[in-house]
Each structure stands twice: as structure tokens, then as C-alpha cells.
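Asks: how would this look folded up:
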Amino acid sequence: MEFAASTAWWVATGLLVTLELTSGTFYLLMLALGTAAAALAAHAGLGLVVQIATAAVVGGGATALLQRQRRLRPRGAPEAQNRDLHLDIGATVQVTRWNPDGTTRVEHRGTQWNARLEHGTAGHPGPHRISAVEATGLVLVPLQSAP
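Replies: Next up is the predicted model:
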């Protein structure tokens, strides 16, 4: 049984797509586009050198375009301040007192949370807005100026 060059390219394409599905990166998918283009070149009867060049140009070009697009896309807020990840950001909590180290406990959504002041803000009792959610608790900013 003869193994055609186009079959080898299609197998490589399938393997790259399978690896992409398991890894979740789009870069392997871009390389799979290159191997699919090489398979089409093989079907067209082009030589091995042209097939390899096609795979390199299409796969490498697609990868470069993807990288460029990701670099130009505006970055979202840092994870701790991303409202898409933390629905608590922007909510208001009431602070009754601050500890000397700038921390407090606040009630939010029916439970007690550790909280700290955002850097550069002064702590005083009263309403505060949640500006970030960190692993250790909430980060707060005052809603009104200090009395």
C-alpha cells in the first residue's frame, strides 16, 4: 500500500487539531492550517519542497497574525479587578471600624469577609465600594471623604 504525501499532510493536520483540542491554544490550530494547505498543494501535484514551503508560509503566517492580533487587542483589567470574573466589584459595603493595620471585617452577601483599604486611601467608618477581589478578601475604597 502506497502512502501518498497528501495523506501524510492530512494525518499531520488531524494530529495538530487533536493536540490543539487537548491544549486549548490556537497556535496549534494555525499550524494545522499550514499542514492542510500543504495537503492541498500535494493534491495539486506540487513537489515536496513546495508542500513544505506552503506549510511553513501558511502555518507560520497564520501564527504570526494571531500573535499580532493578540498583542494589539487591548488588555482587560487585572484579574483581581475584572468585573467579568468578580461580580462583587462595584458593590457597596458598610465599614464600622478599621483595625490599626488597615484591615477590617465586613458583611457582604450574607457572610463576613476580610477586607483592606486600597493603597493610597484613608480608612474611616462608613460606606465603601469594592474595587477588587483578592485571594485574601476584598479591597475597598471609601465612597465619601473622611469626616
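
Asks: from memory Gly60 sits against Gly34, does it?
Replies: Yes: with contacts defined as Cβ atoms under 8 Å, Gly60 counts as touching Gly34 at a distance of 6.9 Å. For glycine as for every other residue, the C-beta is placed from the backbone atoms N, C-alpha and C.

Asks: Which segments of the chain make up each domain?
Replies: For the chain, the domain assignment from automatic domain parsing gives the residue ranges 5-72, 79-142.

Asks: distance between the ends of the first one?
Replies: Read it as domain 5-72. One end of domain 5-72 sits 38 Å from the other (Cα to Cα, to the nearest Å).

Asks: picking up where we left off before, for Gly60 and Gly34, work out which one has more neighbours and name it.
Replies: Neighbours per residue, other Cβ atoms under 10 Å: of Gly60 and Gly34, the larger number sits with Gly34, 24 against 13.

Asks: Is the more buried one in a helix, a strand, or coil?
Replies: Gly34 carries the three-state label helix when classified by DSSP: H, G, I helix; E, B strand; the rest coil.

Asks: From here on, call the first residue 12.
Replies: Got it, the first residue is 12 from now on, which makes the last one we talked about Gly45.

Asks: Distance check, it against Leu27.
Replies: Taking Cβ to Cβ, to the nearest Å as the measure, Gly45 and Leu27 are separated by 9 Å.

Asks: Find the helix or strand that Thr33 is a member of.
Replies: Using DSSP states H and E, Thr33 sits within helix 16-34.

Asks: All set, thanks.
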